[in-house]
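Visitor: Give me a model of this one.
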Amino acid sequence: MSLFKKLFGGSAPPEQKAEEYEGYQIIAEPQRDNNGYRIAARIEKNVDGKIFVHRLIRADTINDLSEAETASIAKAKQMIDQQGDGIFR
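Guide: Predicted coordinates:
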């Protein structure tokens, strides 16, 4: 392993666990911010072998990573309930 990989973390971040909801896959991806973690998630849906992706990013911030992950999943579910497949337009 090179010196730069040791110093700067050459490995990829751990893969987040996806949660299934109404035929969609939701992956919480809170983003580090100055005030904590910004609510963010990736919403995916497989339609006939084609994967559609929507990235949800909100201005809300939460101090705790675990709470930010939970809130990100909840916001993604809310968006799915409100917009359905329209999120992929």
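Visitor: mind checking how far the host helix or strand of residue 54 is from the chain centre?
Guide: Assigned by DSSP states H and E, residue 54 belongs to strand 50-62. In terms of CA atoms, centre = their mean, to the nearest Å, the centre of strand 50-62 is found 6 Å from the chain centre.
Visitor: distance of the residue at minimal distance from the centre of the chain from residue 72?
Guide: Nearest to the mean C-alpha position of the chain, by CA atoms, centre = their mean, lies residue 41 at 2.4 Å. The gap separating residue 41 from residue 72 is 4 Å, by CB to CB, to the nearest Å. Quick note: C-beta positions are derived from backbone N, CA and C, even for glycine.
Visitor: Find the residues that touch each one of those two.
Guide: Residues touching both residue 41 and residue 72 (CB atoms under 8 Å, 6 or more residues apart in numbering) are 28-29, 56.
Visitor: re the thing from before, for the residue nearest to the centre of the chain, list each beta-bridge partner.
Guide: Counting by DSSP bridges, residue 41 forms beta bridges with residue 28, residue 56.
Visitor: so it sits right up against residue 26, yeah?
Guide: Yes. Look at residue 41 against residue 26 with CB atoms under 8 Å: they come within range, at 5.7 Å.
Visitor: joint contacts of those two?
Guide: 73, 76.
Visitor: most residues in a single helix of the protein, which one?
Guide: Counting by DSSP state H, the longest helix found in the chain is helix 65-83.
Visitor: Could you pull out the buried residues of the strand holding residue 54?
Guide: Using 16 or more other CB atoms under 10 Å as the test for burial, strand 50-62 gives 54, 56, 61-62.
Visitor: and of those, the nearest to residue 88?
Guide: Distance to residue 88, by CB to CB, is smallest for residue 54 among the buried residues of strand 50-62, at 5.8 Å.
Visitor: for that closest one, what are its contacts?
Guide: Here residue 54 is in contact with 42-44, 79, 87-88 (criterion: CB under 8 Å, 6+ apart).
Visitor: Selection in PyMOL covering whichever of those are buried, please.
Guide: The buried residues among the contacts of residue 54 can be selected in PyMOL (16+ other CB under 10 Å) with this line:
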select buried, resi 42+43+79+87
